[in-house]
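Visitor: build me a model from this:
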Amino acid sequence: MRKINLGISGCMGRMGQQLIKSSKKNKNFKLVTLTENLLINKKINKILPELNSEKAFKKTDVIIDFTVPSCTLEVLKIASKLKKKVVIGTTGFNRSQENQIKKYSKKISILKAGNMSLGVNLLMYLTEIASKSLSNNYLIKILEIHHKHKKDYPSGTALMLGKGVADGKKKDLYNLIGKKFLNKKTFPYGKKINFNSIRKGEIIGEHEIKFSSGKEIITLNHEAFDRALYSDGALTAAKWLIKQKPGLYSMRDLLNFS
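Guide: Residues are numbered from 1 along each chain as shown. You can find the predicted model right below:
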């Protein structure tokens, strides 16, 4: 079986570095391209990082992108022209950018996930079931904790869980987002979903969703201990995406949750 030619966008970031490590151990991939938003004059894994360009991505089969929204859209523009497949782990997109991603997915295969972990995607599925099963009397709030270097909030995973709530109620997530708190020790439930984001230390990721009726509280949570959890998931997504037709996919499609 021919190895899949892999490109990593954002190779100097935390996830970019972890993806390089994980891809070296994965027999399904051959790392052929690394890109960054600044020129770097030293080779990494025998590859000299480049800027995003058609030349950089021409020899790839699939690109994994963990960057920032503006960079992701730049990668998608190039990938769309070259007919390359893209796995997106970037978070923090606004509604307009989400719509742009949907447009690109009509031309190329894209798998986008706020979190590449099997456990987190199972948690989202369970959140949807709970949201669908519980009445509107239950108020909902979501807590997420990440390392002090993470800039966007709420995290992509927290928003994924919010979407699980919205899907369970057959509503639009953007209409259910309530207040967004940062580094609060406690925060309230609301008629909409309130989010609290804590940034401290080197925590990889903790997420918790609570449903409260006032008489009982139901809690679902997930903790990550190793960043390789995400890079391994992204590589699994890339291998799966190679066989898919143009469209916008999620980890739920890969995992075949009904």
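
Visitor: and the closest residue to A234 other than its chain neighbours, how far is that from Y174?
Guide: If the residues on either side of it in the chain are set aside, A234 comes closest to M116, at 4.7 Å by Cβ to Cβ, 6 or more residues apart in numbering. No exception for glycine: its C-beta is placed from N, CA and C like everyone else's. Counting by Cβ to Cβ, to the nearest Å, the separation of M116 from Y174 is 23 Å.

Visitor: between the two, who's got more neighbours?
Guide: When M116 and Y174 are compared for neighbours, M116 comes out ahead with 25 against 13, by other Cβ atoms under 10 Å.

Visitor: what about that one, is that helix, strand or coil?
Guide: Under DSSP: H, G, I helix; E, B strand; the rest coil, the three-state class of M116 is coil.

Visitor: rewinding a little: what's near enough to touch the residue nearest to A234?
Guide: The neighbours of M116, taking Cβ atoms under 8 Å, 6 or more residues apart in numbering as the test, are G89, L229, Y230, S231, D232, G233, A234, T236, A237, M251.

Visitor: neighbours of the closest residue to the first one other than its chain neighbours, how many?
Guide: Sequence neighbours aside, F66 is the residue nearest to G89 in space, at 4.3 Å (criterion: Cβ to Cβ, 6+ apart). Around F66 there are 26 other residues, counting by other Cβ under 10 Å.

Visitor: tell me if I'm right that F66 and Q17 touch.
Guide: No - under the criterion of Cβ atoms under 8 Å, F66 makes no contact with Q17, lying 9.9 Å away.

Visitor: for the protein, what spans make up the strands?
Guide: 4-9, 29-35, 62-65, 85-88, 109-112, 139-146, 177-182, 193-199, 205-212, 217-224, 247-249 (DSSP state E).

Visitor: so which elements touch the second one?
Guide: Contact analysis of strand 29-35 by 3 or more Cβ pairs under 8 Å, 6 or more residues apart in numbering; DSSP states H and E lists strand 4-9, helix 14-25, helix 54-57, helix 228-241 as its packing neighbours.

Visitor: in JSON lines, list the strands of the chain along with mean neighbour count, mean pLDDT and distance to S155.
Guide: As requested, these are exported to JSON lines (neighbours: other Cβ atoms under 10 Å; pLDDT from 0 to 100; distance: least, Cβ to Cβ, whole Å):
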{"stretch": "strand 4-9", "mean neighbour count": "26", "mean pLDDT": "98", "distance to S155": "20"}
{"stretch": "strand 29-35", "mean neighbour count": "21", "mean pLDDT": "97", "distance to S155": "24"}
{"stretch": "strand 62-65", "mean neighbour count": "27", "mean pLDDT": "98", "distance to S155": "17"}
{"stretch": "strand 85-88", "mean neighbour count": "26", "mean pLDDT": "98", "distance to S155": "15"}
{"stretch": "strand 109-112", "mean neighbour count": "24", "mean pLDDT": "98", "distance to S155": "15"}
{"stretch": "strand 139-146", "mean neighbour count": "23", "mean pLDDT": "97", "distance to S155": "5"}
{"stretch": "strand 177-182", "mean neighbour count": "16", "mean pLDDT": "97", "distance to S155": "11"}
{"stretch": "strand 193-199", "mean neighbour count": "21", "mean pLDDT": "98", "distance to S155": "7"}
{"stretch": "strand 205-212", "mean neighbour count": "20", "mean pLDDT": "97", "distance to S155": "7"}
{"stretch": "strand 217-224", "mean neighbour count": "15", "mean pLDDT": "96", "distance to S155": "11"}
{"stretch": "strand 247-249", "mean neighbour count": "17", "mean pLDDT": "97", "distance to S155": "20"}
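
Visitor: what would those look like in TSV with distance to E98?
Guide: Formatted as TSV, those follow (distance: least, Cβ to Cβ, whole Å):
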stretch	distance to E98
strand 4-9	18
strand 29-35	23
strand 62-65	15
strand 85-88	11
strand 109-112	9
strand 139-146	19
strand 177-182	14
strand 193-199	18
strand 205-212	21
strand 217-224	24
strand 247-249	10
